[in-house]
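>>> I would like to see how this sequence folds:
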Amino acid sequence: MLDPTLSDWLDRQADALDRGDADPAALLPRLAAAGVLGVAVEERLGGAGGTLADAVERVAAVAAHSLTAAFVFWGQRAFIEYLLQSPNQNCANACSATCWPAAWPAPPGCPTR
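Numbers count the residues shown, from 1 in each chain. Predicted structure coming up:
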């Protein structure tokens, strides 16, 4: 279910993430690179497709390796869903395909504030 590279990294970093000793800027790009942020996002918007239940399953899969990483993932995924459901389609479109790839912290075309 999870990319093996992400699973291995989470296993190695779980304790450091829980203690707050890991580089906080490293986690979100790893999640994005593994493609988990795009689950349940329509392919036309740059996502991987699937259902919201698929996204929840991915959060649970991440939690099996690191609860801290799962909490970060859940927070990011909740924000993504908020954008997808927003009546402001300009915002949702601006933050779709350019914002899921591992180009954080400031992907081209994404608002910085």
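
>>> How far off centre is the longest helix along the chain?
In the chain, with assignment by DSSP state H, the single longest helix is helix 67-85. In terms of Cα atoms, centre = their mean, to the nearest Å, the centre of helix 67-85 is found 7 Å from the chain centre.

>>> which outside residues touch it?
Contact partners of helix 67-85, identified using Cβ atoms under 8 Å, 6 or more residues apart in numbering, comprise 10, 13-14, 17-18, 27-28, 31, 36-37, 40-41, 45, 52, 55, 58-60, 62-63, 91-92, 95-96, 100. Backbone N, C-alpha and C define where each C-beta goes, glycine included.

>>> Now do the helices in the chain.
Using DSSP H, helices in the chain cover 4-19, 24-33, 52-63, 67-85, 89-94.

>>> I'd like these written out as CSV, with mean pLDDT added.
Formatted as CSV, the helices of the chain follow (pLDDT from 0 to 100):
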stretch, mean pLDDT
helix 4-19, 96
helix 24-33, 92
helix 52-63, 97
helix 67-85, 92
helix 89-94, 68
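
>>> Quick one: neighbours of Arg77, just the number.
23 (other Cβ atoms under 10 Å).

>>> circling back: put the alpha carbons of the longest helix of the chain into CSV.
Presented in CSV, the C-alpha positions along helix 67-85 are these (Å, rounded to 0.1, in the frame of the first residue of the first chain):
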residue,chain,number,x,y,z
LEU,A,67,1.9,8.3,14.4
THR,A,68,3.6,11.7,14.1
ALA,A,69,3.9,11.3,10.3
ALA,A,70,0.3,10.2,10.1
PHE,A,71,-0.8,13.3,12.0
VAL,A,72,1.1,15.6,9.6
PHE,A,73,-0.3,13.6,6.7
TRP,A,74,-3.8,13.9,8.0
GLY,A,75,-3.5,17.6,8.5
GLN,A,76,-2.2,18.1,5.0
ARG,A,77,-4.8,15.9,3.5
ALA,A,78,-7.6,17.7,5.4
PHE,A,79,-6.3,21.0,3.9
ILE,A,80,-6.2,19.4,0.4
GLU,A,81,-9.8,18.2,0.9
TYR,A,82,-10.8,21.7,2.0
LEU,A,83,-9.3,23.2,-1.2
LEU,A,84,-11.0,20.5,-3.3
GLN,A,85,-14.4,21.2,-1.8
